[in-house]
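> sequence-free structure coming up:
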Ligand SMILES: Cc1cc2nc3c(=O)[nH]c(=O)nc-3n(C[C@H](O)[C@H](O)[C@H](O)COP(=O)(O)OP(=O)(O)OC[C@H]3O[C@@H](n4cnc5c(N)ncnc54)[C@H](O)[C@@H]3O)c2cc1C
Ligand code: SF4
Ligand code: SF4
């Protein structure tokens, strides 16, 4: 089997905020960059987000996710980044070649620098009945509602009180669904208080210290038995959909296949490629950024993307060491700011732990 | 560490509603009800008058100077946490006007009525809608101003076009029939299989090799996470210790013909 081979200077896998910012940083230093993404639209997670982003104004916060994506895309196109959409990277080989499935078939792309900005995948949760139609990830529900205008159900139970669970609950309400409850095994809400309160004021009941015992139904979910942990008392909620927002883990399969050293971090969402503070993995010419390097936020993803782009062009010989260092120290400062506060602290510690591991 | 730059700035502590009370007698003023330290600052840039400050440390909670605020409402629109409101007590005795951001898409018209909701989603009652301001675009936030009895002024946090009843159902005994369930759908491996055989395997890779869990069509994309958690729990080990599946190409399902280099 022989596949067509294309040679490029730099390739970025994933067109989310991390990928596009990596590409922008590199193209500005004169590199030839192609961004590959499996979707028809550029922007990654951002394309699904109709809410105004929290985060820093510098990174577009206050605007809606899809607007931030459109802006980054315009910038990329303007600066001469090639955005190659509907292109799935199937493999990343120890020699550094990418196997890509594009619109006209499968080919090999060989690049001297590869940034993996593949984002994260949703974690799942199993209980009796979880395989019934109507049980889905919150991200999948969001795609249905925000991109296709379809409700996942009329009465939805949300599992998980992190920001994703809270934000998607709000969007389900906006789309006209009833959210019959938001449940969490923890005794406190995981997400930001402002997000909790805007859902709460719509009258949605919160079931903290609760777990799903089972989902029941014939052809799909009809009701859900939930239980207060340790009390043996429960409630039967009438719901035709259950959305799971129980966390994200870095999408790191490509890194593993490339032979990158993998490390596990609970705080950052699971297994991820080891990397240093400049977003280099332990394989030459191989970088990682954004949620793929540890699940955080869009603003952080953008800065990590920039960092990866800078390191890549430095290694490609397109940027002098001091100049790269100057640019990186700015990024470092922003990252430190973004990881301040009680929510960022754990991430910061986990990252620092990683850098020196 | 945070130091208030200016004496008149309210720190993160006090109740922003009652502290806006006096100033609201002279006209609309913002109430910035955001106390947590989160990395967020659109409110700061929204305010052209410099009444809201987050500062260098983006995780600081916003500080607000009612003396600089003219009640323009831009911050109400732009706050992604929908945590800023306007309070106005200049429209006569016994009443107050509260402006809230609204994104629910219901029919709210000036001169009509809306339900005024408190923090916990309880309806305080109905209130007259005195103003609806559209803030641009299809996805624009509405700024809805309602006139309410003064006694509600500090309680209103939202409006609704209609009430929905979301009462929690009665508690019952959580009668639990232990039911088995799949962890790996493709290969039909149950939770009981993993628990029963866990003694033989100490890693996810071994589990996959012997039980075929994770070898189906999804290539472990859906089940790996579930299998790992279950195995780790059964073995009283960390999730990191039981490891991950070895990844083989393709990382996404692909038609075999296409891998041969043919067009689909
Ligand atoms: C519901 C929700 C709300 C959020 N709200 C906020 C918010 O308000 N503020 C904020 O800062 N953050 C928010 N986030 C987080 C933010 O969206 C992410 O942190 C950010 O998008 C991560 O960026 P990324 O570039 O790393 O990955 P992504 O945006 O996930 O992009 C990765 C891209 O890579 C593609 N890809 C992956 N694998 C392959 C492959 N093998 N081949 C080709 N393409 C591939 C994916 O399809 C995707 O398009 C939210 C997230 C969710 C789920
Ligand atoms: S209402 Fe206007 S003046 Fe007052 S804080 Fe908000 S943006 Fe500033
Ligand atoms: S924009 Fe809203 S949520 Fe963000 S800091 Fe300001 S008040 Fe808080």
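Received, thanks. Note that the structure is predicted; figures quoted are calculated from it, not measured. Ligands and ions are numbered 1, 2, ... in the order given.
> Quick check: pLDDT value at residue 220.
Went with chain A since none was named. Here the pLDDT value assigned to residue A:220 is 95.
> The intended chain is chain B.
We have a pLDDT of 76 for residue B:220.
> Leaving aside the residues adjacent along the chain, what's closest to it?
residue B:214 (3.7 Å; Cβ to Cβ, 6 or more residues apart in numbering or on different chains). C-beta: built from backbone N, CA, C; applies to glycine.
> what about that neighbour, which SS state?
Secondary structure, DSSP: H, G, I helix; E, B strand; the rest coil: residue B:214 is coil.
> you'd agree it is up against residue B:228?
No - judged on Cβ atoms under 8 Å, residue B:214 makes no contact with residue B:228 at a distance of 9.7 Å.
> could you pull out the helices for the chain?
No chain in the question, so chain A it is. Assigned by DSSP state H, the helices in chain A fall at A:17-28, A:65-79, A:138-142, A:148, A:163-174, A:193-200, A:253-258, A:298-315, A:321-338, A:341-355.
> please go with chain B instead
Counting by DSSP H, the helices of chain B are B:16-24, B:42-46, B:74-78, B:191-197, B:204-211, B:224-235, B:239-242, B:256-259.
> Residue A:23 versus the nearest residue to residue B:248 once chain neighbours are set aside, what's the distance?
Ranked by Cβ to Cβ, 6+ apart and with sequence neighbours excluded, the top spatial neighbour of residue B:248 is residue A:257, at 7.4 Å. Distance, residue A:257 to residue A:23, using Cβ to Cβ, to the nearest Å: 22 Å.
> what's near enough to touch residue A:263?
Going by Cβ atoms under 8 Å, 6 or more residues apart in numbering or on different chains, residue A:263 touches A:271, A:272, A:273, A:274, A:354, A:357, B:240.
> ok, so what distance separates the residue most central in space within chain B from ligand 1?
Among the residues of chain B, the one closest to the centroid is residue B:81, at 7.7 Å (Cα atoms, centre = their mean). Distance, residue B:81 to ligand 1, by Cβ to the nearest ligand atom, to the nearest Å: 10 Å.
> How about the contacts made by that residue?
Counting by Cβ under 8 Å, 6+ apart, residue B:81 has contacts A:54, A:192, A:194, A:195, A:197, A:198, B:34, B:38, B:40.
> Kindly reformat those residues as CSV containing neighbour count and pLDDT.
Listed next are the contacts of residue B:81 as CSV, based on neighbours: other Cβ atoms under 10 Å in any protein chain shown; pLDDT from 0 to 100:
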residue, neighbour count, pLDDT
A:54, 24, 73
A:192, 24, 94
A:194, 22, 94
A:195, 27, 95
A:197, 22, 95
A:198, 25, 94
B:34, 25, 93
B:38, 25, 90
B:40, 30, 88
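> and the closest residue to ligand 2 within chain A, backbone torsions?
In chain A, the residue that lies nearest ligand 2 is residue A:62 (11.9 Å; Cβ to the nearest ligand atom). Dihedral pair for residue A:62: phi 90, psi -20, per degrees, to the nearest 10.
> okay but it is in contact with residue B:80, surely?
Yes - counting by Cβ under 8 Å, residue B:80 is a contact partner of residue A:62 at 6.2 Å.
> With neighbour numbers in mind, choose between these two.
residue A:62 (25 against 22; other Cβ atoms under 10 Å in any protein chain shown).
> how many other residues sit next to residue A:56?
The number of residues packed near residue A:56 is 27, by other Cβ under 10 Å.
> Now do the contacts for it.
Applying Cβ under 8 Å, 6+ apart, one finds that residue A:56 lies in contact with A:299, A:334, A:337, A:338, B:39, B:40, B:41, B:58.
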